[in-house]
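**Student:** here is my input; please provide its structure:
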Amino acid sequence: DLFLEGPAVNSLVNSVQRSLETNFQMARLETKKYDEIIEDYRHSIYTLRRLILRGTAQQRTQVIYMFIQNWADTMTTLHLDAAWGPNKWLRPGAELPDQAPAGSSGRQQLQ
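**Tutor:** Numbering: from 1, shown residues only. A predicted model of the protein is given here:
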């Protein structure tokens, strides 16, 4: 077997070893951060699951309302431009409740 020795080889090996150890330490830290985030997510999901399965009817209703509200907020953000304002959001021919003609129910008429 052939063994290489000398100050240059030792320095190179030490440098490579330090670099690898630093990279592995960073990888472990990133894995720990990821694991903490996943654990928080898992805790939230199981808390919500427990509430749905074991909660009262009012609690379940609140959870459903929360999901519907979240969905509505998401869809509004995706499909409506806040810079335009509500008057521009209506389709052509639709009327706002305060602009409804006399004798109508006052509801917004969408076509």
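
**Student:** how close does residue 9 get to residue 15?
**Tutor:** 11 Å (Cβ to Cβ, to the nearest Å). In this view, the C-beta of every residue, glycine as well, is placed from N, C-alpha and C.

**Student:** low pLDDT regions in this protein?
**Tutor:** The chain contains residues with pLDDT under 70 at 1-2, 91-111.

**Student:** and the host helix or strand of residue 13, what other elements does it pack with?
**Tutor:** Using DSSP states H and E, residue 13 sits within helix 7-54. In this structure, helix 7-54 makes packing contacts with helix 57-79, judged by 3 or more Cβ pairs under 8 Å, 6 or more residues apart in numbering; DSSP states H and E.

**Student:** doesn't residue 82 fall inside a helix?
**Tutor:** No - if the criterion is DSSP: H, G, I helix; E, B strand; the rest coil, then residue 82 is coil and not within a helix.

**Student:** now the phi/psi pair for it, please.
**Tutor:** phi -60, psi -30 (degrees, to the nearest 10).

**Student:** how many neighbours does it have?
**Tutor:** When neighbours are counted by other Cβ atoms under 10 Å, residue 82 registers 9.

**Student:** one more: residue 51?
**Tutor:** By other Cβ under 10 Å, neighbour count at residue 51 equals 14.

**Student:** which non-adjacent residue is nearest it?
**Tutor:** With sequence-adjacent residues excluded and distances taken as Cβ to Cβ, 6 or more residues apart in numbering, residue 51 is closest to residue 59, at 5.7 Å.

**Student:** go on, residue 89?
**Tutor:** residue 80 (5.3 Å).

**Student:** spatially central residue for this structure, please.
**Tutor:** Central residue of the chain (Cα atoms, centre = their mean): residue 41, 10.6 Å from the mean position.
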